[in-house]
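Give me coordinates for this.
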Amino acid sequence: MSIKMNRRFVSARKAIAAALVVAATSLCGTTTYAQEIVVDSVVCGITNMIAVGNADSLATFFNQRVELSLPDYSLVSSRNQARMILRQFFAQNNPTQFTVLAQNEGQDGFFVSGTLNSGEQRFRVSFLTRQQSNQQFVYQFTIE
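The predicted structure is shown next:
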């Protein structure tokens, strides 16, 4: 009986988490903007996942190989390895707000830079996307 209840609890938690991810990616309002910026839906999804510290959903936007640079790491990693590293980073630095400071659209992608607040700490976050097979993927992600 308790195993069934635990499974229901885990399923309910997953359903709630999925609903929160969908809500966050569909609403670009979670992110505060320093300028009037027209944001592509992929960029909006990425910035929202940074704002809420959801490494799992953030990693879905990553290319198969991504240049990842954090205060303790600097490497070219797989999407799954980047997910684990970011999960650990967000667990240690719970995001409270992400503010987009600049966004530039290039011929085949975007560059976005912003400030991530986490309690008393502030981090500069930037990422580059590139279009592959009609989709935008993050190929460089930096937190300083």
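
Count the neighbours of L68 for me.
Neighbours of L68 under the rule other CB atoms under 10 Å: 22. (Each C-beta comes from the backbone N, C-alpha and C, glycine too.)

Tell me the pLDDT of the closest residue in space to R83 that isn't next to it in sequence.
Closest residue to R83 apart from its sequence neighbours, by CB to CB, 6 or more residues apart in numbering: A59 at 3.6 Å. We have a pLDDT of 96 for A59.

got it, and Q107?
You'll see Q107 listed with a pLDDT of 82.

That one - that's part of a helix, no?
No. If the criterion is DSSP: H, G, I helix; E, B strand; the rest coil, then Q107 is coil and not within a helix.

who touches the residue nearest to R83 in this structure?
R79, N80, A82, R83, L86 (CB atoms under 8 Å, 6 or more residues apart in numbering).

Pick out whichever of those sits closest to C44.
Proximity of the contacts of A59 to C44 (CB to CB) peaks at L86, which lies at 18.4 Å.

Each with direction, which strands does the longest strand belonging to the chain pair with?
Criterion DSSP state E: the longest strand present in the chain is strand 121-132. Paired with strand 121-132 in the same sheet, following DSSP bridges, are strand 110-118 (antiparallel), strand 135-143 (antiparallel).
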